[in-house]
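K.L.:
From the sequence below, what's the structure:
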Amino acid sequence: MTAAGEETTTSAGEEMHALVERLYPLCRSITGDGVRATLDIIGEYVPLQVHEVPTGTQVLDWTVPQEWNIRDAYVADAAGNRVVDFAASSLHVLGYSVPVSATTMPLAELREHLHTLPDHPNWVPYRTSYYKPEWGFCLAQETLDAMPDGDYEVCVDSTLADGHLTYAEHVVPGQVPDEVIVSCHVCHPSLANDNLAGIAVATFLARTLAQQTPYYTYRFIFAPGTIGAITWLARNAERVERVKHGLVLACAGDSGRLTYKQSRRGDAEIDRVMRHVLAASERPHHVDEFTPYGYDERQFCSPGFNLGVGSLSRTPYAGYPEYHTSADNPDFVSPEALADTLAVCREAFGVLDRNRRYVNLSPYGEPQLGRRGLYDALGGRSDTKQAQMAMLWVLNLSDGEHSLLDVAERSGLPFSTVAGAADALHGAGLIKA
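P.N.:
Numbers count the residues shown, from 1 in each chain. Below you'll find the model as predicted:
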């Protein structure tokens with residue numbers, strides 16, 4: 001990579017980290033004003049089409065729930081000191097807590113509604129109760145240990161009422177209507193890696209693609225986890241057949257190695273592309289088989305849709321102690337890791353966008369490349385021999401069945417070299433798409 005390229009990558013990493021820090025304080029859930037505020041900020045980076053789906057709308061086997069919003073919540077001791085305070089961190093409240101107001105609640109009764117992490121006594125856990133009416137608080141174990149017996153004032157100033165589920169899309173038009181979808185979830189509160197890092201990478205990937213003229217149309221989906229993806233699928237049944245490839249982004253900013261989780265198919269083109277790019281880059285990485293648990297790849301890969309959608313992360317969900325805790329803060333993610341994840345996405349989509357099948361228009365014997373100026377055009381290049389071999393491989397495997405990725409994998413040549421050879425051969429009229 002050139003020095004300028006490194007400088008650009010570093011700058012993007014720092015900008016993405018700044019976006020993570022900006023979004024971090026917002027209280028997000030599967031519905032509500034926190035999601036809207038998040039989308040408003042993303043909309044400053046890329047234009048968004050925002051969708052509001054009313055409570056009660058049937059979406060596949062699910063129903064859009066009531067909208068949850070919260071203004072304040074706390075547990076105060078007898079002196080009025082807030083020992084647990086939503087204003088300090090949105091993690092302190094059980095997600096979707098119903099309203100509660102009690103001026104004198106014994107600690108013994110309050111304990112039934114308190115969630116801690118005894119193994120990490122100074123961390124606050126992330127907990128929710130989306131579909132069961134409940135209320136509660138999350139706090140550090142050391143805070144709970146310091147709370148004396150007695151009565152406490154308990155307040156959850158929230159509303160749970162008919163409203164909307166909100167999600168947004170950004171579309172980068174391509175040369176063809178066939179689509180690549182990129183999905184990330186916007187439903188978690190103050191969690192930097194599991195949520196915000198994926199949002200940041202998706203946002204900057206969209207900005208990068210918008211500066212190009214991609215072959216595919218790229219559709220970025222910013223939606224709450226599970227119910228959001230299900231809602232999108234239910235509302236876009238007629239478009240699903242256009243979705244040729246897809247990637248779910250999550251846990252994209254920690255220091256762990258890259259992990260790609262394959263689609264349900266296992267041999268979808270996105271699976272092959274991601275395996276190839278990760279291996280060719282020589283980055284530390286791991287490829288996982290598909291399982292019906294995780295992020296929204298499981299919705300896109302459900303048997304009725306069975307789309308070619310994989311998932312890219314660094315350390316996978318639940319694979320690091322900080323997962324779903326207050327320790328997953330902006331300090332846990334780094335500009336360098338965010339930039340690296342973005343770079344892999346750019347490399348993968350570069351391959352995906354150029355991967356074609358060609359037919360050799362001079363298939364009987366080897367065509368004379370010299371009289372077409374193809375060998376002369378290679379003179380002086382440091383990779384002349386590679387480029388020559390790439391032309392021969394492309395010619396030999398251009399039978400309408402082999403893709404350029406097949407050529408790269410079989411020949412052991414870099415995909416970019418193979419794609420460049422195909423461009424030259426196509427320009428000389430020796431192959432056609």
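K.L.:
Can you tell me the element the residue nearest to residue 102 when sequence neighbours are not counted falls in?
P.N.:
Distance criterion CB to CB, 6 or more residues apart in numbering; nearest residue to residue 102, sequence neighbours excluded, is residue 154 at 4.6 Å. (Glycine included, C-beta is placed from N, CA and C.) Assessed by DSSP states H and E, residue 154 sits inside strand 151-161.
K.L.:
Name every strand pairing with that strand and say which way it goes.
P.N.:
Next to strand 151-161 in the sheet, as set by DSSP bridges, lie strand 67-76 (antiparallel), strand 100-106 (antiparallel).
K.L.:
List the contacts of the residue nearest to residue 102.
P.N.:
By CB atoms under 8 Å, 6 or more residues apart in numbering, the contact set of residue 154 is 74, 75, 100, 101, 102, 105, 110.
K.L.:
any idea which of the strands paired with strand 151-161 is most buried?
P.N.:
By mean neighbour count, with neighbours taken as mean count of other CB atoms under 10 Å, strand 67-76 ranks first of these at a mean of 20.
K.L.:
Each with direction, which strands does the helix or strand following it pair with?
P.N.:
Scanning forward in sequence from strand 67-76 by DSSP H and E, the next helix or strand is strand 82-85. Applying DSSP bridges, strand 82-85 is found paired with strand 67-76 (antiparallel).
K.L.:
ok, residues contacting the partner strand?
P.N.:
Defining contact as CB under 8 Å, 6+ apart, one finds that strand 67-76 is touched by 27, 29-34, 55, 82-87, 92-93, 95-97, 110, 137, 139, 152-165.
K.L.:
Go ahead and measure how far that strand is from the middle of the chain.
P.N.:
Relative to its parent chain, strand 67-76 has a centroid offset of 28 Å by CA atoms, centre = their mean, to the nearest Å.
K.L.:
mean confidence for it?
P.N.:
The average pLDDT for strand 67-76 rounds to 98.
K.L.:
Kindly export it (C-alpha atoms) in PDB.
P.N.:
Output in PDB follows, covering the C-alpha atoms of strand 67-76 (Å, rounded to 0.1, in the frame of the first residue of the first chain):
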ATOM      1  CA  GLU A  67     -42.400   1.500  20.900                       C
ATOM      2  CA  TRP A  68     -40.300   2.000  24.000                       C
ATOM      3  CA  ASN A  69     -38.900   5.400  25.100                       C
ATOM      4  CA  ILE A  70     -37.200   6.400  28.400                       C
ATOM      5  CA  ARG A  71     -36.500   9.800  29.900                       C
ATOM      6  CA  ASP A  72     -35.000   8.900  33.300                       C
ATOM      7  CA  ALA A  73     -34.400   6.000  35.700                       C
ATOM      8  CA  TYR A  74     -32.600   5.700  39.000                       C
ATOM      9  CA  VAL A  75     -32.300   3.900  42.300                       C
ATOM     10  CA  ALA A  76     -31.700   6.400  45.200                       C
END
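K.L.:
ok, back up a step: for the contacts of residue 154, which one is nearest residue 62?
P.N.:
For the contacts of residue 154, the closest approach to residue 62 (CB to CB) belongs to residue 100, at 26.9 Å.
K.L.:
Quick one: end-to-end length of stretch 185-201, please.
P.N.:
Stretch 185-201 stretches 12 Å from its first residue to its last (CA to CA, to the nearest Å).
K.L.:
and the residue nearest the centre of the chain, what are its bridge partners?
P.N.:
Centroid-nearest residue in the chain, with CA atoms, centre = their mean: residue 249, separated by 1.6 Å. Beta-bridge partners of residue 249, counted by DSSP bridges, are residue 312.
K.L.:
buried set for the strand or helix carrying residue 206?
P.N.:
Using DSSP H and E, residue 206 sits in helix 198-210. Across helix 198-210, burial judged by 16 or more other CB atoms under 10 Å covers 198, 199, 200, 201, 202, 203, 204, 205, 206, 208, 209, 210.
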